[in-house]
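Trainee: sharing a model prediction with you, sequence too.
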Amino acid sequence: MPQLPVAFLLQSGPSRLLHLSTIDVMIIVLYFAMVLAIGLYLKKYTKTGEDFFLAGREMTAWVAGLSFLAANLGSLELMGWAAAAYQYGILATHWYWIGAIPAMLFLGIVMMPFYYISKTHSVPGYLQLRFGEPSRALSAITFGFMTVLMSGINMYSMALVMKVVLGWDINFSIWVSSLTVAAYVVLGGLLSAIFNEVLQFVLIWLGAILISIIGLVETGGWDGMVKRIAERNPGQEFTHLWSGLGSFTDNPMGIHWTGIVLGLGWVISFGYWTTDFLVVQRVLAAKDLRSAKMAPIIGASFKMMVPFIVILPGLLGLAVLPEKLVGEAAAVATNGHSYNEVLPLMLARYCGPGLLGLGITALIAGFMSGMAGNVSAFATVWTYDIYRAFIKKEATDEHYVSMGRWCTILGVLVSIGTAYLVMQFLSIMDYVQALFSFFIAPLFGTVVLGMLWKRATPQGGFWGLLTGTLSSIAMWAWVKVDPSAISIIALSPHAKDMAENMYRALWSWIVCVLVTVVVSYMTKPKPDSELVGLVYGVTEVPGEGHLPLMQRPAFWAVIVCIVFVILNVIFW
Amino acid sequence: MQKDRGLISIWFFIGVLLLAYGVLILGNGLYELSSPPEHPVVLNELHAGIWMGAITLAIGIFYTYRFYPKKGK
């Protein structure tokens, strides 16, 4: 059995970038006290299944939208993408812009009406209504598997940052944070998770924005930063979004623009933002259809700004950090710092007492919001789509709420166990992309066909989802066994891991769609009467014509779209 | 949000926490004016603690006041 990196870190003894002052500790303790107090306060409001699993379906568009985004702002966003920005430059921004914005707008305008009108409690629940039990079972099981692995990533990232920055014992970090999350989610369910996610969203911004502001002051603004990066990395392109994507060899990510547009911008992005129940669950908690449509649009407008607190610190690290950061393995061998440590290193560079506590609280808030998102979604899917569907069909609402609470604890415990798997991959984000392409890309094919094509049959949906998922795993295994296969999967021998993930997602989505279409034409479709509320063409979606322009979701979607295009042109 | 059930707004909780943070950070920033740190961070002369603490405090006061739970709700 290979030596696990986290175990190595445990053996390497405490090392730290800085010490916390009394004020920093007070800020962190206040944060923990507040999230627990919110959980305790909300317990009395969480009595029914709809309260616990869907927050009573009473959230405003703003709360649902910020929670929708915060659930995604886990440790991966903060640590992983700052690391990716140091490693790959501004190309990492694609995961925030083309890799998120179009999909979020599509969710709000096109897909949300079907999720909301069908009154489903989950994405697997929608598949059950549209395609039947086999599709729900497959989707629920794969989602549960992916969710606990994602929680493990959160655990690992949190433990790493606490060790590097504060010298805290890894076990202490994992158990204190995860038990706190378990406590407030068990107490208040999704309601508590959403409340805390909005709080965490504010803290993440407040704690992280300082690095970008002071960093730009140090480099003399954006132009000064670009100049420094060019001087320190001659011959490498780190500061243009699109101009280096004409060839696999012209950019540090080793990817072609077709991979970014089709693999990331289409399949992975749409798959994640429109079918991953972790994020969709927050929008399902909206109080009405208009709020449910507005929530992803509000989320998209903030998502466009996240690179300024995540990608920019990574780029600033390239410009100002005195030592060259390296990959995880090289960092362990040389006792240096890895890419993954760029954000804490920048925090240590600029933040004194008080501000440091705020920055650390931002990181902890990120870890906890991501973890809570995974755990609450896992509890819902397990309770409704596995336990109630296949194990105990007839039970009281109270029983299912109790099961949700126990499942939350179980999910946290299983997540802790998966933390040790994370370092098997080149970087944290590469690992996540691999997971996305296994499950998310084919799921998107199944859901989008289910919503937009009424001829799709239950058999077509199930076999498309199954073959898409299996084909993705098979392609991944093929490259692991024979690395030269990457030239076939990713269309070039120069392609790197990130590019392979993009193309694998694309192929698995195509396999899913083709199999769904072929099997659907070979089998009998459901009558239209059974598809009302589930499929475009047989569902009456309430119009927005009676609303003033400023209250129409479509109007704001167009505004976000225009800003998105302008940003891409500016940083071309 | 959920006003019919009498829930306190999340923005009130956020306001209270930011108010406390603002007091702590601004207070420490002012203290450091008279007693500079032994190992200052890069660009310590910008006194980020003072202006960041003041902004945090202002936001905290606004949200605490604006979303303070009303009696009978």
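Mentor: Yep, that arrived. Numbers count the residues shown, from 1 in each chain, chains lettered A, B, ... in the order given.
Trainee: stretch A:181-190 and chain B, are they touching?
Mentor: No: counting by Cβ under 8 Å from any Cβ of the partner chain, chain B has no neighbours in stretch A:181-190; the shortest distance is 10.8 Å. In this view, the C-beta of every residue, glycine as well, is placed from N, C-alpha and C.
Trainee: next, A:Gln87: phi, psi?
Mentor: phi -80, psi -40 (degrees, to the nearest 10).
Trainee: please apply the same query to A:Met59.
Mentor: With angles defined as degrees, to the nearest 10, A:Met59 sits at phi -80, psi 140.
Trainee: can you tell me the closest non-neighbouring residue to A:His494?
Mentor: The shortest distance from A:His494 to any non-neighbouring residue, by Cβ to Cβ, 6 or more residues apart in numbering or on different chains, is to A:Phe248 (4.1 Å).
Trainee: just checking, A:Tyr400 touches A:Gly49?
Mentor: Yes: counting by Cβ atoms under 8 Å, A:Tyr400 touches A:Gly49, with 5.2 Å between them.
Trainee: regarding chain A, what is its longest helix?
Mentor: Criterion DSSP state H: the longest helix present in chain A is helix A:170-219.
Trainee: and for A:Ala329, the neighbour number?
Mentor: Residues near A:Ala329, counting by other Cβ atoms under 10 Å in any protein chain shown, number 12.
Trainee: I'd assumed B:Leu7 was in a helix, is it?
Mentor: No: counting by DSSP: H, G, I helix; E, B strand; the rest coil, one finds B:Leu7 to be coil, located in no helix.
Trainee: and the pLDDT at it?
Mentor: If you check B:Leu7, the pLDDT there is 85.
Trainee: what's the helix or strand for the closest residue to it other than its chain neighbours?
Mentor: Counting by Cβ to Cβ, 6+ apart, B:Leu7 lies nearest to A:Tyr45, which is 6.2 Å off, once chain neighbours are set aside. For A:Tyr45, there is no helix or strand it lies in under DSSP states H and E.
Trainee: give me the distance from stretch A:479-494 to the chain's centre.
Mentor: Offset of stretch A:479-494 from its chain centre (Cα atoms, centre = their mean, to the nearest Å): 26 Å.
Trainee: stretch A:296-306 too?
Mentor: The answer for stretch A:296-306 is 14 Å, by Cα atoms, centre = their mean.
Trainee: please see if that stretch touches chain B.
Mentor: No: against chain B, stretch A:296-306 shows no contacts by Cβ under 8 Å from any Cβ, the least distance being 14.1 Å.
Trainee: ok, and what's touching that stretch?
Mentor: A:61-62, A:65-66, A:68-69, A:73, A:77, A:96-97, A:100-101, A:104-105, A:107-109, A:112, A:273, A:283, A:553, A:556-557, A:560, A:563-564, A:567 (Cβ atoms under 8 Å, 6 or more residues apart in numbering or on different chains).
Trainee: just the buried residues of that stretch, please?
Mentor: Neighbour-count burial for stretch A:296-306 flags A:Pro296, A:Ile297, A:Ile298, A:Gly299, A:Ala300, A:Ser301, A:Phe302, A:Lys303, A:Met304, A:Val306 (criterion: 16 or more other Cβ atoms under 10 Å in any protein chain shown).
Trainee: and stretch A:527-540, by the same measure?
Mentor: The neighbour-count check on stretch A:527-540 (16+ other Cβ under 10 Å) flags A:Leu531, A:Gly533, A:Leu534, A:Val535, A:Tyr536, A:Thr539 as buried.
Trainee: with stretch A:169-177 instead?
Mentor: A:Ile170, A:Ser173, A:Ile174, A:Ser177.
Trainee: likewise stretch A:471-480?
Mentor: Result for stretch A:471-480 [16+ other Cβ under 10 Å]: buried residues A:Ser471, A:Ser472, A:Met475, A:Trp476, A:Val479.
Trainee: and the first one, what does it touch?
Mentor: If I follow you right, that is A:Ser471. A:Pro442, A:Trp507, A:Ser508, A:Val511.
Trainee: what's the local residue count around the third one?
Mentor: Spelled out, it's A:Ser508. Neighbour number of A:Ser508 under other Cβ under 10 Å is 31.
Trainee: try the last one
Mentor: Counted with other Cβ under 10 Å, residues neighbouring A:Val511 total 22.
Trainee: look up how far chain B lies from it.
Mentor: 43 Å (Cβ to the nearest Cβ, to the nearest Å).
Trainee: swap in the first one?
Mentor: With distances defined as Cβ to the nearest Cβ, the gap from A:Pro442 to chain B amounts to 36 Å.
Trainee: likewise the second one?
Mentor: Here A:Trp507 is placed at a distance of 43 Å from chain B (Cβ to the nearest Cβ).
Trainee: show me what the one helix or strand that residue maps to is packed against.
Mentor: For A:Trp507, the element it lies in under DSSP H and E is helix A:497-522. Using 3 or more Cβ pairs under 8 Å, 6 or more residues apart in numbering or on different chains; DSSP states H and E as the contact test, the elements touching helix A:497-522 are helix A:428-435, helix A:441-452, helix A:458-481, helix A:486-489.
Trainee: average pLDDT for the last one?
Mentor: Helix A:486-489 shows a mean pLDDT of 84.
Trainee: if we can go back for a sec, and the buried residues of stretch A:296-306 as a markdown table, adding secondary structure?
Mentor: Shown next, in a markdown table, are those (three-state DSSP):
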| residue | secondary structure |
| --- | --- |
| A:Pro296 | helix |
| A:Ile297 | helix |
| A:Ile298 | helix |
| A:Gly299 | helix |
| A:Ala300 | helix |
| A:Ser301 | helix |
| A:Phe302 | helix |
| A:Lys303 | helix |
| A:Met304 | coil |
| A:Val306 | helix |
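Trainee: which one of these sits closest to chain B?
Mentor: Closest to chain B out of those is A:Ile298 (14.1 Å), distances taken as Cβ to the nearest Cβ.
Trainee: and the gap between the closest residue to chain B within the stretch 301-450 of chain A and B:Thr56?
Mentor: Residue of the stretch 301-450 of chain A nearest chain B, by Cβ to the nearest Cβ: A:Gly354 (3.9 Å). Noted for A:Gly354: a distance of 10 Å to B:Thr56, by Cβ to Cβ, to the nearest Å.
Trainee: these two: who's more crowded?
Mentor: Legend: neighbour count by other Cβ under 10 Å for A:Gly354 and B:Thr56, higher for A:Gly354 (28 against 24).
Trainee: so who does that one touch?
Mentor: A:Ser21, A:Ile23, A:Asp24, A:Ile27, B:Leu24, B:Ile25, B:Asn28, B:Gly29, B:Gly49, B:Gly53.
Trainee: what parts of chain B come near chain A?
Mentor: With Cβ under 8 Å from any Cβ as the criterion, chain B meets chain A at residues B:1-2, B:5, B:7-8, B:10, B:13-14, B:16-18, B:20-21, B:24-25, B:28-29, B:32, B:37, B:40-44, B:46, B:48-49, B:52-53, B:56.
Trainee: poorly predicted segments of the stretch 301-450 of chain A, please.
Mentor: A:420-437 (pLDDT under 70).
Trainee: flag every residue of it that's near chain B.
Mentor: A:Ala348, A:Arg349, A:Tyr350, A:Cys351, A:Gly352, A:Pro353, A:Gly354, A:Leu355, A:Gly357, A:Leu358.
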